[in-house]
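>>> pasting a predicted model and its sequence here:
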Amino acid sequence: MSKTKLNLIAAACENMGIGINGNLPWRLKNEMAFFSSMTTKTSDTKKKNAVIMGRRTWDCIPLKYRPLPNRINIVLTRHVDDVKLKVPEGVIVVPGLNEAISYIEDREDIESTWVIGGSSIYKAAMEHKNCNKIYLTEIQKVFECDTFFPTIDKNQFTIISEDRVPGEKQVEGDISYYYKIYKKLDNSQI
Ligand SMILES: NC(=O)c1ccc[n+]([C@@H]2O[C@H](COP(=O)([O-])OP(=O)(O)OC[C@H]3O[C@@H](n4cnc5c(N)ncnc54)[C@H](OP(=O)(O)O)[C@@H]3O)[C@@H](O)[C@H]2O)c1
């Protein structure tokens, strides 16, 4: 029985857009700090978290910030051999989500697993039997986007709250947003 739970984390605007031209459509410093903190923090200081991302999301991270520090970076691509040559040592390159999960399960020093995008990786993770929660920052504004968060099936998820996630409206400059958590229901709850 696979024990790796997948937690998705994303920020989307009102039209569910998450990206444009290989970048984020907005600049939200505190939201970015929330992403870093959620994906990095562990309760066991001897362990690290894993971040799973598509090859384009990897490419989008500015050189000076990648690999994302203090996390095990796992990149999904259909061109494993080519991509392996381009990433720094320590970055794990795999041909699919199940291979990423197998890699994580073979290690004992990984605490939580975060799926950090983009579109097709979020969709695969959302539909995967190991999907646990979606941490979605809902930005209260429309931005022009070319990449979108997949539709959340409201019959399969329920909104929950957690102490570590502020429930109140967040404001940065002229942009406001909420941190929402969607928990996937067990088959018995649907
Ligand atoms: N707002 C947010 O929270 C957020 C989060 C992440 C990303 N973004 C934005 O989203 C955009 C990038 O996302 P994206 O959706 O275009 O790309 P992506 O999902 O990051 O990467 C797509 C690539 O991943 C690989 N891939 C996808 N599905 C795969 C599978 N099932 N098995 C193996 N490899 C697979 C393929 O790589 P190969 O082509 O190498 O085979 C594919 O071209 C950027 O604009 C970024 O800024 C936003």
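Nice, thanks for sending it over.

>>> how much space separates the residue nearest the centre of the chain from the ligand?
What sits nearest the mean C-alpha location of the chain, by CA atoms, centre = their mean, is Ile116, with 2.2 Å. With the distance defined as CB to the nearest ligand atom, to the nearest Å, Ile116 ends up 6 Å from the ligand. Heads up, the C-betas are built off the backbone N, CA and C, glycines and all.

>>> from memory that residue sits against Ala50, does it?
No: the criterion here is CB atoms under 8 Å, and Ile116 misses it with Ala50 at 10.0 Å.

>>> and the longest helix along the chain, what's buried?
With secondary structure taken from DSSP state H, the chain has its longest helix at helix 29-40. The neighbour-count check on helix 29-40 (16 or more other CB atoms under 10 Å) flags 31, 34-35, 38-40 as buried.

>>> what's it packed up against?
Helix 29-40 sits against strand 6-12, strand 48-54, strand 131-139, strand 170-172, with contacts defined as 3 or more CB pairs under 8 Å, 6 or more residues apart in numbering; DSSP states H and E.

>>> and of the ones you listed, who's closest to Pro88?
Closest of these to Pro88 is strand 48-54, at 14.5 Å (criterion: CB to CB).

>>> rewinding a little: which one of the helices and strands packed on helix 29-40 lies nearest to the ligand?
In terms of CB to the nearest ligand atom, the element of the helices and strands packed on helix 29-40 nearest to the ligand is strand 48-54, at 2.4 Å.

>>> give the other helices and strands that the closest one contacts.
Using 3+ CB pairs under 8 Å, 6+ apart, strand 48-54 sits against helix 29-40, strand 71-76, helix 97-106, strand 110-115, helix 119-127.

>>> okay, the angle between the first one and strand 131-139?
What it means is helix 29-40. Angle, helix 29-40 to strand 131-139, by axes from the mean of the first three to the mean of the last three CA atoms, to 10 degrees: 170 degrees.

>>> could you give the number of residues near the nearest residue to Thr151 once chain neighbours are set aside?
Of all residues beyond its chain neighbours, the one nearest Thr151 is Met16 (7.6 Å), with distances taken as CB to CB, 6 or more residues apart in numbering. Applying other CB atoms under 10 Å, we find 17 residues neighbouring Met16.

>>> report pLDDT for Met16.
At Met16, the model reports a pLDDT of 98.

>>> residues contacting it?
If a contact means CB atoms under 8 Å, 6 or more residues apart in numbering, then Met16 has 148-149, 151 as its contacts.
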